[in-house]
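Participant: Please work out how this folds:
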Amino acid sequence: MFVVLGNVRFVVFLLIFSGFWIVFWQQFVALPLYIRGYIDPRANVDLLLSVDAATVICFQIAVSYLTRNVPAFTAMTLGILIASCSWLIISVYATIPLVIAALFVLALGEITQSARYYEYISRLAPPGQQGTYMGFAFLPIAIGYFIGGPLGGYLVHYYGDVVHQPGRMWWVISGIGFFTTALMWIYNLIVRPVVITDSVATR
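Facilitator: Next comes the predicted model:
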């Protein structure tokens with residue numbers, strides 16, 4: 001464990017990637033509150049949230065095929081960008097159909113980055129340490145959850161009850177995603193971590 005944590009470049013990558021999960025978790029944290037408070041209190045939120053899972057099931061193979069020749073890091077960054085754009089759909093004018101559209105786009109972003117993310121992590125690991133590195137791959141999910149939960153609740157309260165412009169909260173969420181996308185680009189440009197391919201270290 002300490003060997004992995006001593007890999008500063010890898011830890012920085014995980015911290016940056018946590019931004020995606022802050023954006024992603026809002027479908028379970030802020031969105032239900034937003035729907036019930038500002039769109040339709042009688043909406044079947046559980047059914048709406050199934051859009052993400054249904055999209056992943058239906059489109060995972062197709063998206064993976066279309067992005068098969070895209071470098072892993074590029075695909076991950078693109079996935080974050082797509083997911084970040086999803087919340088802009090309901091930022092100005094929100095209806096149930098637009099919520100469905102936003103969740104669909106969010107799921108496409110998730111699909112685009114998910115498989116390539118674990119591929120990238122496995123290629124970063126030195127020989128014999130793949131299992132340890134893959135275990136740490138779940139760290140951004142936890143960080144995103146613990147930050148995204150309180151943040152989402154605060155944004156719903158502040159922009160809904162204080163500012164009375166609830167749609168603006170989604171600008172903040174999308175902004176976090178765009179900032180994460182920019183950090184990923186900078187990270188790849190400056191840090192360029194060593195990737196292990198067929199036991200040969202390349203950059």
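
Participant: in this protein, which residue is closest to the centre?
Facilitator: Central residue of the chain (C-alpha atoms, centre = their mean): residue 20, 2.8 Å from the mean position.

Participant: wait, it sits on residue 177?
Facilitator: Yes. Judged on C-beta atoms under 8 Å, residue 20 makes contact with residue 177 at a distance of 7.0 Å. Quick note: C-beta positions are derived from backbone N, CA and C, even for glycine.

Participant: Next up, identify which helix or strand the residue nearest to the centre of the chain is on.
Facilitator: Residue 20 is located in helix 8-24, with elements delineated by DSSP states H and E.

Participant: lowest-pLDDT helix or strand in this protein?
Facilitator: strand 200-202 (a mean of 40; mean pLDDT, DSSP states H and E).

Participant: Can you name every helix or strand that the helix holding residue 20 contacts?
Facilitator: Helix 8-24 sits against helix 2-5, helix 72-86, helix 96-124, helix 130-136, helix 139-157, helix 169-190, with contacts defined as 3 or more C-beta pairs under 8 Å, 6 or more residues apart in numbering; DSSP states H and E.

Participant: which one of those lies closest to residue 25?
Facilitator: Comparing the helices and strands packed on helix 8-24 by their distance to residue 25 (C-beta to C-beta), the top pick is helix 139-157, with 3.9 Å.
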